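Q: below is the structure, and that's it, no one-letter string:
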């Protein structure tokens, strides 16, 4: 176990406290018609906000949760960004061009991204994308009768 | 009895049996691969069950869960890397046995112990759930609110990162559950005028984003470790002799009881039971010095306990509608998605679903036993499935499942947003488990809190004067305070105790 990082806990405490205050303001503006004996729809959000607020103050006063694994370096964060890119791109492409075009594209792109150096073969990637796309399409569209994203540009 | 035969007949039709078998295989693969888990398998399959009958849907989900729980030992024994936290203790002796060339013996012990743990815990759960449900119908909103808070408190205080971090994650989950139209009066909360936010955050997008997408992106950031080194050597028989089973009879029985009990308690489950059972087996052993060096007793203890937790965790989920961990929270979400009301009334309103869950788990236990003994030679290949084949398909499945469930691309924002939230929570060391648990229990808690204050003039006092509610809230309070006092007693003041998440 590594040394606790106090700064991160304090930062989290401040962040959660700010979220609590913001949510308190939004909750206090919820418009509703009071019903007899019912405490109303704001009670439970206030309950959650109070819990979050207490925890955030606790973190400010008593920081120091232990590190469970070595802290990530610049390389890992960069890879995290790279890993997130196709996920976000796929969501956008599904919205724009639909399942039929976006899925094979993203399957090939991720196949390439996750291949080790020298491992990537375009034919293998194409076969993989075609088979995976075909199986998913048959399952969701033909077997389950579900609609799939069509894309606003299609 | 007619219902029993009817459900049994439906589960034994060739189509359903094939579905169960395939789901078992998927579960074993997901359980075996470090980084994935049976829980992620359940999350991925959940959207695929919308078009299916509830019986077939739950046959599928339960089969993945049972397969995943058992399959987690494969990575533990062959690589020394547990497939999931439920098989951590299996690595202590399982991997040294592999290094000594006794992989088949370790796998044989783990497979049979998994079967014993699952099969008999399900039998006990079926009896106890019925009994507990009869009792639970007498509970009022005070008890249900207290029960939900007790579950959240236990999960939060036992999760990694400390009690403050655990409760902060739970509070975020509770607040996330309040987005959309409020129960009882239908007021709009936190929707900011968006029609897409009216029904709140989508459970499927939340689960897939928080568990599957986050896990894949994180694994990619870690550099996608490969597991080409897994080998099992020559296979002869089942690996374990009858004398070894007999010698471990008491160990298996004790580990089974530990697993069943810990599985029953919210927040603990298989991730803790395998460690406790292992420690007890070592303490009670005549040769404790052999533990950790490749002692088969340790494998028996760990694998019996973690699989016995399946039955244990089904008891509160079925009879009370209270999930004990992430996977049972997913299954509970599955019940809701299929329009079923979890809780004690499920026994009278949809007894076929209750029977399906228990009987599928029993059938799965037998099939997983056969699959694993029959496919022992294939285990190293499971661990060698390339990431470039597995992960892109999972990402596509997550997006497709989210769309199929919600019918709108807007929910992709939730999917990506919750994946990002999961990564941020990891960085801040906020445990993930309390978040979805609180999110799922939130509406039930709110409804019961508001009802409890409405039903009686002294609604608030009833939490103290009704013994079951008061007892449960006391347990919740103790679980909150316990980590603050424990370090002082142990002489490690300043840092709250951590447990398995």
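A: Right, received. Where do you want to start? Note that the structure is a prediction, hence the values are computed from the model and not measured. Residues are numbered from 1 along each chain as shown, chains lettered A, B, ... in the order given.
Q: taking the centroid of chain B, which residue is nearest it?
A: residue B:327 (3.2 Å; CA atoms, centre = their mean).
Q: so it: helix, strand or coil?
A: helix (DSSP: H, G, I helix; E, B strand; the rest coil).
Q: if I look at it, how far off is chain A?
A: 21 Å (CB to the nearest CB, to the nearest Å). Heads up, the C-betas are built off the backbone N, CA and C, glycines and all.
Q: same thing with residue B:332?
A: Counting by CB to the nearest CB, the separation of residue B:332 from chain A is 19 Å.
Q: do I have it right that that residue meets residue B:343?
A: No - using CB atoms under 8 Å, residue B:332 makes no contact with residue B:343, being 9.6 Å away.
Q: what residues are shared contacts of the two?
A: Residues touching both residue B:332 and residue B:343 (CB atoms under 8 Å, 6 or more residues apart in numbering or on different chains): residue B:321.
Q: so what's residue 65 scoring on pLDDT?
A: Since no chain was named, I'll use chain A. Looking at residue A:65, its pLDDT is 62.
Q: sorry, should have said chain B
A: At residue B:65, pLDDT is 92.
Q: what's the helix or strand for it?
A: helix B:54-79 (DSSP states H and E).
Q: wait, a helix at residue B:138?
A: No - going by three-state DSSP, the assignment for residue B:138 is coil, not a helix.
Q: on that earlier part again, which helix or strand contains the residue nearest to the residue nearest to the centre of chain B when sequence neighbours are not counted?
A: In this structure, residue B:327 finds its nearest non-sequential neighbour in residue B:39, 4.1 Å apart by CB to CB, 6 or more residues apart in numbering or on different chains. According to DSSP H and E, residue B:39 maps onto helix B:38-45.
Q: and the helix or strand where residue B:146 lies, what does it pack against?
A: Counting by DSSP H and E, the element that carries residue B:146 is helix B:141-158. Contact partners of helix B:141-158 among helices and strands, from 3 or more CB pairs under 8 Å, 6 or more residues apart in numbering or on different chains; DSSP states H and E: helix B:163-177, helix B:434-455, helix B:459-465, helix B:467-490.
Q: show me the strands in chain A, by range?
A: With DSSP state E as the criterion, chain A has no strands.
Q: tilt between the helix holding residue B:146 and helix B:434-455?
A: Angle, helix B:141-158 to helix B:434-455, by axes from the mean of the first three to the mean of the last three CA atoms, to 10 degrees: 160 degrees.
Q: what's the angle from helix B:141-158 to helix B:163-177?
A: Using the same axes, to 10 degrees: helix B:141-158 against helix B:163-177 is 130 degrees.
Q: pLDDT on helix B:141-158, on average?
A: 86.
Q: that helix to helix B:467-490, inter-axis angle?
A: 20 degrees.
Q: now do the contacts for residue A:141.
A: If a contact means CB under 8 Å, 6+ apart, then residue A:141 has residue A:148 as its contacts.
Q: could you report the distance from it to residue B:335?
A: Using CB to CB, to the nearest Å, one gets 26 Å for the distance from residue A:141 to residue B:335.
Q: one more: residue B:176?
A: For residue B:176, the distance to residue B:335 - CB to CB - is 20 Å.
Q: between the two, who's got more neighbours?
A: Neighbours per residue (other CB atoms under 10 Å in any protein chain shown) separate residue B:176 from residue B:335, with residue B:335 holding more: 23 against 20.
Q: isn't there a helix covering that one?
A: Yes - under three-state DSSP, residue B:335 falls within a helix.
Q: look up phi and psi at the closest residue in space to it that isn't next to it in sequence.
A: Of all residues not flanking residue B:335 in the chain, residue B:342 sits nearest, at 4.7 Å (CB to CB, 6+ apart). Residue B:342 adopts backbone torsions of phi -70, psi 160, taken as degrees, to the nearest 10.
Q: which stretches of chain A form helices?
A: A:6-28, A:43-61, A:74-97, A:99-114, A:122-137 (DSSP state H).
Q: and those helices as TSV, adding mean neighbour count and distance to chain B?
A: Converted to TSV, the helices of chain A look like this (neighbours: other CB atoms under 10 Å in any protein chain shown; distance: least, CB to the nearest CB, whole Å):
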stretch	mean neighbour count	distance to chain B
helix A:6-28	16	5
helix A:43-61	20	4
helix A:74-97	17	4
helix A:99-114	21	4
helix A:122-137	15	5
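Q: could these go into a markdown table alongside mean pLDDT?
A: Below are the helices of chain A laid out as a markdown table (pLDDT from 0 to 100):
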| stretch | mean pLDDT |
| --- | --- |
| helix A:6-28 | 92 |
| helix A:43-61 | 94 |
| helix A:74-97 | 93 |
| helix A:99-114 | 95 |
| helix A:122-137 | 94 |
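Q: quick one: which of those is nearest residue B:467?
A: helix A:43-61 (23.4 Å; CB to CB).
Q: before we move on, the earlier item: nearest to residue B:128, of the helices of chain A?
A: helix A:43-61 (31.6 Å).
Q: so the closest one versus helix B:141-158, what angle?
A: Using the same axes, to 10 degrees, helix A:43-61 lies at 20 degrees relative to helix B:141-158.
Q: can you give me how far helix A:43-61 is from the chain middle?
A: Here helix A:43-61 is found 23 Å from its chain centre; the criterion is CA atoms, centre = their mean, to the nearest Å.
Q: what helices or strands is that helix leaning on?
A: Short answer (3+ CB pairs under 8 Å, 6+ apart): helix A:43-61 packs on helix A:6-28, helix B:163-177, helix B:434-455.
Q: try it again with 10 Å
A: helix A:6-28, helix B:141-158, helix B:163-177, helix B:434-455 (3 or more CB pairs under 10 Å, 6 or more residues apart in numbering or on different chains; DSSP states H and E).
Q: adding distance to residue A:59, write those helices out as a markdown table.
A: Shown next, in a markdown table, are those (distance: least, CB to CB, whole Å):
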| stretch | distance to residue A:59 |
| --- | --- |
| helix A:6-28 | 3 |
| helix B:141-158 | 14 |
| helix B:163-177 | 6 |
| helix B:434-455 | 15 |
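Q: for residue B:22, find the nearest of those helices.
A: That would be helix B:434-455 among these, by CB to CB, at 26.1 Å.
Q: who are the packing partners of the closest one?
A: Using 3+ CB pairs under 10 Å, 6+ apart: helix B:434-455 touches helix A:43-61, helix B:141-158, helix B:163-177, helix B:203-207, helix B:326-337, helix B:411-427, helix B:459-465.
Q: for residue A:109, which of those is the nearest?
A: It's helix B:411-427; of the helices and strands packed on helix B:434-455, that one is closest to residue A:109 (CB to CB) at 16.3 Å.
Q: can you pull the buried residues of the closest one?
A: Residues B:411-423, B:425-426 are the ones in helix B:411-427 that count as buried (16 or more other CB atoms under 10 Å in any protein chain shown).
Q: quick one: low-confidence parts of the stretch 1-150 of chain B?
A: Applying pLDDT under 70 to the stretch 1-150 of chain B flags residues B:1.
Q: which residues of it lie near chain A?
A: For the stretch 1-150 of chain B, the contact set with chain A under CB under 10 Å from any CB of the partner chain comprises B:47, B:48, B:49, B:50, B:51, B:52.
Q: hmm, back to that, any idea which helix or strand comes after the helix holding residue B:65?
A: Downstream of helix B:54-79 (by DSSP H and E), the next one is helix B:88-99.
Q: which parts of that following helix are buried?
A: B:88, B:89, B:90, B:91, B:92, B:93, B:94, B:95, B:96, B:97, B:98.
Q: which ones are touching the nearest residue to residue B:209 once chain neighbours are set aside?
A: Of all residues not flanking residue B:209 in the chain, residue B:418 sits nearest, at 3.1 Å (CB to CB, 6+ apart). Taking CB atoms under 10 Å, 6 or more residues apart in numbering or on different chains as the criterion, residue B:418 is in contact with B:176, B:201-202, B:205-211, B:213-214, B:425, B:435-436, B:439.
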